[in-house]
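Student: quick one: sequence and predicted model below, then my questions.
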Amino acid sequence: MSKAPELGELVVGRITDVRDYGAYVEVDEYPGYEGFVHVSEVSLKWVRNIREHLKEGQRNVFKVIRVNPQTLQVDLSMRRVSQKERIDKLLEVKKRAKVSKVLKVVEDAVGRKAVDNLFSTSSNPIQLYDLFEKVAMGEPAMTLFQGLSEAEADALRKAVEQEIKVREFEVKVNVILRCDGPKGVEAIRKAAEKAEQVAGSGEHVEIRTVGAPVYSLHVKASSKERASELVSQVLQACKAVMESYGGVAEIKTASG
């Protein structure tokens, strides 16, 4: 029997049958389990006609709200899945699929031992994807994965180049960093340092002076959504530092 879904878990599924009272779902991650989303769990708004929201064959992200391992039934919700959760889950699924393809290409090229060497660094597909992305950005595979031979590292590089296309999205905004106290310069310097620490692997955050108190915030990330999220996280980090010094940090508006 496959492992049972957990309450609150996000899963991806395909709609197999739509009825007036709800829809049945084939859950990708848990073969053998049949999911069901009641009409009341489809949308935050009142659903007049469920077929205006769901269609057979449609794929979506659902949240697990009830599980019965004995009958292999799982109740699902769409309305309890936030936009961010949906985006993150679909991105996770995409990354897992890319990792599987890379590993298959490597195994076909140089054998199973190379895949085992990669797994010795990490067996987590998301962590492997992050490492593969670094390879795609030019970092030597042999420094990221200990124990790889030159032939295995070359096979990995070629597989990554074939399967993972690194895209960068840039966002630039002007922010206000103001602190009139005696430690104003120190506050702004520490806020900028804290902001740069928010960037994850393969991401970039930079704050430059435009003309005090206006500063240019420049971020780079792998998706438009992540770049926007990064701007918000940077602003929160700057606010925490600036407010501790009695200052402010905020997005500069057109009239500001």
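Tutor: Nice, thanks for sending it over.
Student: where along the stretch 101-250 of the chain do the strands fall?
Tutor: Secondary structure of the stretch 101-250 of the chain by DSSP state E, counting those that start in this stretch: the strands cover 169-178, 204-211, 214-221, 248-251.
Student: turn these into CSV, including mean pLDDT and mean neighbour count.
Tutor: C-betas here are computed from N, CA, C, even on glycine. Formatted as CSV, the strands of the stretch 101-250 of the chain follow (pLDDT from 0 to 100; neighbours: other CB atoms under 10 Å):
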stretch, mean pLDDT, mean neighbour count
strand 169-178, 92, 16
strand 204-211, 91, 14
strand 214-221, 92, 19
strand 248-251, 93, 17
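Student: out of these, which gets nearest to residue 27?
Tutor: strand 214-221 (30.1 Å; CB to CB).
Student: any chance of the strands of the stretch 101-250 of the chain in a markdown table with distance to residue 145 as columns?
Tutor: Output for the strands of the stretch 101-250 of the chain, formatted as a markdown table (distance: least, CB to CB, whole Å):
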| stretch | distance to residue 145 |
| --- | --- |
| strand 169-178 | 27 |
| strand 204-211 | 24 |
| strand 214-221 | 24 |
| strand 248-251 | 40 |
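Student: closest to residue 80 out of these?
Tutor: Per CB to CB, nearest to residue 80 of the strands of the stretch 101-250 of the chain: strand 214-221, 26.7 Å.
Student: isn't residue 223 up against residue 91?
Tutor: Yes - assessed by CB atoms under 8 Å, residue 223 is found in contact with residue 91 at 7.2 Å.
Student: any weak-confidence spans in the stretch 151-256 of the chain?
Tutor: Applying pLDDT under 70 to the stretch 151-256 of the chain flags residues 201-202, 254-256.
Student: the helices in it, which residues?
Tutor: 184-197, 224-244 (DSSP state H, counting those that start in this stretch).
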